[in-house]
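Asks: Show me how the following folds:
(2 chains, ligands or ions: 1)
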Amino acid sequence: MPINILMPALSPTMEKGNLARWLKKEGDKVKSGDVLAEIETDKATMEVEAIDEGVLAKIVVPDGTADVPVNALIGVIASEGEDVGAAAAGAGSSPAPAASAAPKPQEAPAAQAPSAAPAAAPAAAPAAASPGARLFASPLARRLAKDSRVDLARIKGSGPHGRIVERDVKAAIAGGGATAAAPTAAAAPAPAAASAPQGMSDATIRKFFEPGSFEEIPHDSMRKTIARRLVEAKQTIPHFYLTVDCELDALLSLREQINNAAPKDKDGKPAYKVSVNDFVIKALAMSLQRVPDANVTWTEGAMLKHKHSDVGVAVSIPGGLITPVIRKAETKGLSQISNEMKDYAARARARKLKPDEYQGGSSAVSNLGMFGIKNFQAVINPPHATILAVGAGEQRVIVRKGAPEVATVMSVTLSTDHRAVDGALGAELISAFKVLIENPMGMLV
Amino acid sequence: MTTYDVLIIGSGPGGYVTAIRSAQLGLKTAIVEREHLGGICLNWGCIPTKALLRSAEIYHYAQHAQDYGLKIEGKVTFDPAAVVKRSRGVSQQLNGGVAFLLKKNKVDVIWGEATIDKPGQVTVKKPSKPAVQPQNPVPKGTLGEGVYEAKNIIIATGARPRVLPGIEPDGKLIWTYFEAMVPPQFPKSLIVMGSGAIGIEFASFYRTMGCEVTVVEVLPQVLPVEDAEIAALARKRFEKAGIKIMTSTKVVKVEKKADSVVCTLEDDKGAKSQLEADRLISAVGVVGNVENIGLEKLGVKMDRGCIVTDGVGKTNVPGVYAIGDVAGPPMLAHKAEHEGVICVEGIKGLHPHPMDKAMIPGCTYCHPQIASVGLTEAKAKEQGLAVKVGRFNFVGNGKAIALGEPDGMVKTIFDAKSGKLLGAHMVGAEVTELIQGYVVAMNLETTEEELIHAVFPHPTLSEMMHESVLDAYGRVIHS
Ligand SMILES: Cc1cc2nc3c(=O)[nH]c(=O)nc-3n(C[C@H](O)[C@H](O)[C@H](O)COP(=O)(O)OP(=O)(O)OC[C@H]3O[C@@H](n4cnc5c(N)ncnc54)[C@H](O)[C@@H]3O)c2cc1C
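Replies: Now for the predicted structure:
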């Protein structure tokens, strides 16, 4: 029996994803654990691993196909000893991926594609073979394509009955038109409209600007997701904002002590270097424990009251931002939080975070202090109930016991979902946070 | 007056096949022929020579009957007139077959010599030269002299023997293939000038029929277009059969005596020698029939005696096409046919692919036979390709041994990088019937993998085709 490779659901809410590229070619041997393909989801690139052994008999959905519904047939593995050609041919007998998307729809309710999803995955290169159609190519063409990492599905065959022959592959190599690394996601129809507000049409907006006076950059899937989710947040979440100033001097000197005490390896590299932001994460996590009624998520049916403090941290990356979540942050030491954050940030920049690393959480931290921002209000990232916007720590003149004094002060603003957290409760949470920041030893015990 | 969609000048394999394909495509078609339906191929080329060679082959086996445990009481002899008569009979039968096929496909046959007046118009007159004899009767129901109109004119006038100055064939002592094919009796001794396919086939035929044969070739290799290794093997066999071969040597002068010729030969170092023989066959190639068809007036572009065409038969003059020998090498019947089909499909608007001349096989039907397709090893290396070469000798093949044909070789050349089959070259029994396997493989763009994967029937000579591929990849079994 050939083994069908279906578009994986990388998270319970995932409906469709982009097939970024295949890492195996047709005819390649695969064993369990091998990375078969990369799937681009809302915010990350995910690897699809083989769970079976055999030969990748057929790539049904080619590189760079956007909006592939979850559970759509994307490829076929011929198991050990099985005829690769027959396995591939069997896969090809389904006319289009839409038909084979959910092989047993009644048994796989999660797989239903929303009605807004395109009926069939759009073919990146319209002239070339549509996904799911059997690919006819000469053995030599296949070999050349394989050796040059050219995607046959993007090549229009000029041989008998449209068969792809040597000259077609050579032309593609020469023209660079079909190399596997060039997905044309931009050509995919933009699905963003699904939940976007009825604003001005693109055409209307364009009319404000002289043609040629701007460059047009197609949205990638991260940009589309940010747009969709923040519009959704601002439209559905009644935000209100609470600002406090926190004195940082005690925290800064404790931070210095902690970092100075960090053990060093033989190259002199310290085991950790805790940042102010790590304290902020830890403080927020502890505050949520101290004010458990604020550690919640709003649903229409009920309030979800969380046991742990899963704190998202907004990380700016080229082309957008992503919010990896420090799980059970209240249980973690500062050095652990610090190291986790470094790992998250690095992998976020490489767009290598897994969905379970950036989804969920009950609150978040967004810090623009490093840019000298004094104070701002962040947009809540559902399903969170709050988000803490952190400004720069700076020396300010304060009044203490009736006299002016210089202190290092950081303003923070808590954005709050009024459906879940009322004003007083919000105030309680941010006060608890202020106490911890100003008395940081409390975070060490 | 009817205007034809397609009018073809010349009814050789190029012309008549094109006419039939044209008719199949629903085009109103006419073909003009001045001499012999079926052209050189059926009447003076491929077919009658193969008939002669068959007589020689059977004679050869009869002489070696005892090798197979057979006994022929008395001496096996031959009757030259009967051998020639059989050959003519074969040609006549096929010539009639062409007439039938043209009629069946409702192609108008116009008898006479055609000249193109201008694109779209052809005048047919009485032939300016007498027909080569014997000539079959003019088929019934043909149209005659006159002016004909056609939207598309395809020139398929073929080729004729090349003549070297000072060694002009006279039809008596100095022969071309025309005379060599219908000798009144077989000469006792013969010099063949040129060792291409035509020369070698005649050399092989006459040698088998007991004639003293010397082949004189100006190039250092017999069968100059073939792979050097194969040609060297063939040469050994020719010499073993008693053919004298002088390479890097040219005939510089021919002195005619009453019933013999004395040739002055000169080798590449300038050393001269003399050689006398009953007859000399001039087989130094063919030249296109480009004269007296109005090409100069039309301004049709030519190169080295042939009409210049693009890959689908178009000349530089709109509405005028050329195919077959007259359109340049390789001058082979199957090339002519295929070129014609592509041309008329292009006229019909079917967008055929231009012919890939790299995949045209070539066969020589001497003993032993030679067959090849694609690049020779030298040519492949010249192109800077890294190659994998496979060889398999007939002696390792069961069927070859059973046939009593243990001499020969199948050689395959692959592109080391991609596994593309670049060339295949064979010498030995029946290889002309085997080469098509590699031709199909090449056209399907198989790599070594598919050839290795294919199952070849046992016991056949074709197993050597498999083994040769295996050898190229270090997996040969029977050697
Ligand atoms: C001895 C010999 C052996 C050969 N053996 C082989 C072989 O084994 N395999 C192989 O593939 N090839 C072989 N060939 C080559 C093969 O015969 C030619 O390649 C083939 O005949 C070319 O076909 P064609 O249609 O282009 O021209 P041709 O066959 O030459 O036909 C041209 C025709 O046009 C006619 N014609 C010319 N001018 C006019 C005009 N103005 N008006 C009307 N009619 C005209 C001629 O009378 C002739 O009938 C051999 C050739 C020779 C001589």
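Asks: What is the neighbour count of the residue in the stretch 351-479 of chain B positioned nearest to chain A?
Replies: For the stretch 351-479 of chain B, the residue closest to chain A is residue B:445, as judged by C-beta to the nearest C-beta, at 3.4 Å. (C-beta placed from N, C-alpha, C; glycine too.) For residue B:445, the neighbour count with other C-beta atoms under 10 Å in any protein chain shown is 25.
Asks: what ranges do the strands span in the stretch 251-400 of chain A?
Replies: A:296-298, A:303-305, A:311-313, A:315-317, A:320-322, A:325-326, A:363-367, A:386-400 (DSSP state E, counting those that start in this stretch).
Asks: Would you tell me which of these gets closest to residue A:356?
Replies: Residue A:356 lies closest to strand A:325-326 among these, at 8.8 Å (C-beta to C-beta).
Asks: Show me the contact partners of the closest one.
Replies: A:281, A:285, A:310-313, A:332, A:337, A:340-341, A:344, A:357-361 (C-beta atoms under 8 Å, 6 or more residues apart in numbering or on different chains).
Asks: List the strands paired with that strand, with their directions.
Replies: Sheet pairing of strand A:325-326 (DSSP bridges) gives strand A:311-313 (antiparallel).
Asks: The partner strand - what's its average pLDDT?
Replies: The average pLDDT for strand A:311-313 rounds to 96.
Asks: Show me what counts as buried in that strand.
Replies: Applying a neighbour-count criterion of 16 or more other C-beta atoms under 10 Å in any protein chain shown, one finds A:311-313 buried in strand A:311-313.
Asks: How far does it sit from its chain's centre?
Replies: The chain centre lies 14 Å from the centre of strand A:311-313; the measure is C-alpha atoms, centre = their mean, to the nearest Å.
Asks: neighbouring contacts of it?
Replies: Strand A:311-313 has contacts (C-beta under 8 Å, 6+ apart) with A:277, A:281, A:284-285, A:288, A:323-326, A:329, A:341, A:344, A:358, A:361-367, A:381, A:384, A:387.
Asks: what's the neighbour count on the residue in the stretch 201-350 of chain A positioned nearest to the ligand?
Replies: Per C-beta to the nearest ligand atom, residue A:218 is where the stretch 201-350 of chain A lies closest to the ligand, at 56.9 Å. By other C-beta under 10 Å, the residues close to residue A:218 number 12.
Asks: Roughly how far does it sit from residue A:41?
Replies: The gap separating residue A:218 from residue A:41 is 18 Å, by C-beta to C-beta, to the nearest Å.
Asks: Any idea what residue A:22 is bridged to?
Replies: residue A:37.
Asks: residue contacts, the closest residue to residue B:463 other than its chain neighbours?
Replies: Spatial nearest neighbour of residue B:463, chain neighbours left out: residue B:456 (4.9 Å); criterion: C-beta to C-beta, 6 or more residues apart in numbering or on different chains. Contact partners of residue B:456, counting by C-beta under 8 Å, 6+ apart, are B:462-463, B:465-466.
Asks: Ranking by neighbours, what's the top pick from these?
Replies: residue B:465 (25 neighbours).
Asks: Verify the stated contact: that one with residue B:440.
Replies: No: if you go by C-beta atoms under 8 Å, residue B:465 and residue B:440 don't touch, sitting 11.2 Å apart.
Asks: Flag every residue of chain B that's near the ligand.
Replies: Within chain B, the positions adjacent to the ligand are B:9-15, B:32-36, B:39-41, B:44-46, B:49, B:113-114, B:156-159, B:177, B:198, B:289, B:293, B:324-326, B:331-334, B:336, B:365 by C-beta under 6 Å from any ligand atom.
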